[in-house]
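**Student:** Got a predicted structure here, sequence first:
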Amino acid sequence: MSLVDFLSEIDSLDKSNTYFLYCRSGKRCPQACMYMYDKGFTTYNLMGGMLSWDGEVVKWLCPKKNIGIIFIPLKA
C-alpha cells in the first residue's frame, strides 16, 4: 500500500479494532504504527517485517477491492 493510500484510508478505519501492521523489511511499519497510535488506534508491528517472519503465511484476494491480503495465522 502506498503512503498516499495509507493516509487516505486511516479515517475510514474503526478505532475500536486492533490493527496488526507489517511491511517487507520492518522499516516503514513502526512509523505507521506510531502515526495510527497518535490518532487513537491500537496497533501492533511485525518487527523485522515479512523478511524475518518464519511462520505460516496464507494469501487471499479481497473480492471487493481486488487487493491481495496476507494473513499470518496466530497460534493461541
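**Tutor:** Yep, that arrived.

**Student:** so Y44 sits in a helix?
**Tutor:** No - Y44: not assigned to a helix; according to DSSP: H, G, I helix; E, B strand; the rest coil it is strand.

**Student:** Name the nearest residue to it, ignoring sequence neighbours.
**Tutor:** F20 (4.9 Å; CB to CB, 6 or more residues apart in numbering). Every residue, glycine included, has its C-beta placed from N, CA and C.

**Student:** Pull up the pairing partners for the helix or strand harbouring that neighbour, direction included.
**Tutor:** Following DSSP states H and E, one finds F20 within strand 18-21. Strands that pair with strand 18-21, judged by DSSP bridges, come out as strand 42-45 (parallel).

**Student:** residues of the partner strand that come out buried?
**Tutor:** Using 16 or more other CB atoms under 10 Å as the test for burial, strand 42-45 gives 43, 45.

**Student:** On the strand side of things, show who the residue nearest to the spatial centre of the chain bridges to.
**Tutor:** Centroid check for the chain by CA atoms, centre = their mean gives L21 as the closest residue, at 2.6 Å. In this entry, L21 is beta-bridged to N45, by DSSP bridges.

**Student:** That one: what's it in contact with?
**Tutor:** L21 sits next to 29, 32-33, 36, 43-46 when contact means CB atoms under 8 Å, 6 or more residues apart in numbering.
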